[in-house]
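A.B. asks: structure of the sequence below:
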Amino acid sequence: MIRMRSAVALVVLAAATVATAQEDYRSAEHDFRVVTVAEGFDTPWSMTWLPDGDLLVTERPGQLRIVRNGQLLTDPVPGVPPVFAEGQGGLFEVLPHPDFSTNRLLYLSYARPLPEGSTTVVVRGRFENDALVDLEDVFVSDSQGRGHYGGRMAWDGDEMLWVTVGERMARPAGDLSAHPAQSPGNHHGVTVRLHDDGRVPDDNPFVGQASAKPEVWSYGHRNPQGLAIHPDTGEVWTTEHGPQGGDELNLIQPGVNYGWPVVGYGVNYGSGSAIHGATRGEGMENPRHFWVPSIATASLLIYSGDRFPGWKGDFFVGGLAGQQLARLTPSVDRAGRIEREETLAHGLGRIRDVRQGPDDYIYLAIESRPGPGRVVRLEPLQGR
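C.D. replies: Numbers count the residues shown, from 1 in each chain. The predicted structure follows:
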């Protein structure tokens, strides 16, 4: 990636009027500009669009915000449940129901406070008059710990709801095969597949097994904070945080063990001492791509739009520690291999979310430390 400097300019956005600094970049396929769409957020974590064009953005301390006609509304959305906003906890994803236009259902994932600790929860409610009403639980995880909540959600083509749950920082020690993430009998380090109301689909891989949770689809994960359904194949992909090194891109398959903490590519923080016995293990799925050193993967997009035709089908991964946007190009035979990686931008801030907007631009939710967070979009430059 070669970065081009440009002067500060005032721009008029198609969906907003925001005076902002612009930054231009070169890449292997497209030159692009990063333009601020809205700013003033307190740790933005997730974003989505409603059919009327409103942009919803979650703030990790527990607020749901509306960007309307390019302006961030002053008041947060009423009706959001209380969240555990300590450490890595807080309000995570916001996701409209596939039939939102008729049922007005919004889904939220968040860290719910408990008498002792907190857990990952998904609720849904109706979005009426800019407020959330009639909340009900859809999924309540049995996992507890200090952090690593997961909390990503996505819909597949059958309107099944997918949810990720982290391993909650359960310490790898002793017999690694006895770690809670190595069992589908709990919610530590899993992906979950549900009907829209929380019922378990009959064809989930562990249905009918007394030793497993029927809602679990895959296990052996660490902290998956990126989740995307491939728009062409329907494949489910995740990115998950490794420790010091060892972030992973995984193709999710039913009933499969992804190895944490028995196998992996990372080491213990600080000391650099070994965690895993190996990088591969019998009966454990290997990642399709991994990062050493870690970029702290926090989001995942598989691009399908027309604004950047040279990027169609590519994977876009936001980084926290790396403060970068990575572009991964899969093999042309779609065999699950990643052929090359390009870093598109450095130093934008901690990229919490990457989304394709209704206008086919690529949007980023960026957490800044210090300072307010912002939502930006990538716009192609003329010529390349």
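
A.B. asks: show me the contacts for residue 72.
C.D. replies: Shown in contact with residue 72 (CB atoms under 8 Å, 6 or more residues apart in numbering): 38, 39, 40, 41, 65, 66. C-beta coordinates here come from the backbone N, C-alpha and C atoms, glycine included.

A.B. asks: the first one: which element?
C.D. replies: What that stands for is residue 38. Following DSSP states H and E, the helix or strand that holds residue 38 is strand 32-41.

A.B. asks: in its sheet, what does that strand sit against?
C.D. replies: Strand 32-41 sits in its sheet next to strand 23-26 (antiparallel), strand 373-380 (antiparallel), going by DSSP bridges.

A.B. asks: tell me which residues in that strand are buried?
C.D. replies: For strand 32-41, a neighbour-count test (16 or more other CB atoms under 10 Å) marks 32, 33, 34, 35, 36, 37, 38, 39, 41 as buried.

A.B. asks: over to stretch 199-212?
C.D. replies: Buried residues in stretch 199-212, defined by neighbour count with 16+ other CB under 10 Å: 200, 204, 205, 206, 212.

A.B. asks: repeat that for stretch 132-149.
C.D. replies: For stretch 132-149, the neighbour count (16+ other CB under 10 Å) marks 132, 138, 139, 141, 143, 144, 145, 148, 149 as buried.

A.B. asks: what mean pLDDT does it get?
C.D. replies: Averaged across stretch 132-149, the pLDDT comes to 96.

A.B. asks: over to that stretch now: how far is its first residue from its last?
C.D. replies: Stretch 132-149 has an end-to-end distance of 23 Å (criterion: CA to CA, to the nearest Å).

A.B. asks: can you check stretch 308-327 too?
C.D. replies: Criterion CA to CA; first-to-last residue distance in stretch 308-327 is 12 Å.

A.B. asks: for it, what is the distance to the chain centroid?
C.D. replies: Stretch 308-327 sits 13 Å away from the centroid of its parent chain (CA atoms, centre = their mean, to the nearest Å).

A.B. asks: ranges for the helices of this protein?
C.D. replies: Secondary structure of the chain (DSSP state H): helices at 100-103.

A.B. asks: may I ask which helix or strand of it has the lowest mean pLDDT?
C.D. replies: strand 9-10 (a mean of 26; mean pLDDT, DSSP states H and E).

A.B. asks: how about residue 242: what's its closest non-neighbour residue?
C.D. replies: Take residue 242 and drop its neighbours on the chain: the residue closest to it by CB to CB, 6 or more residues apart in numbering is residue 266, 3.9 Å away.

A.B. asks: having no further points to raise, I will conclude here.
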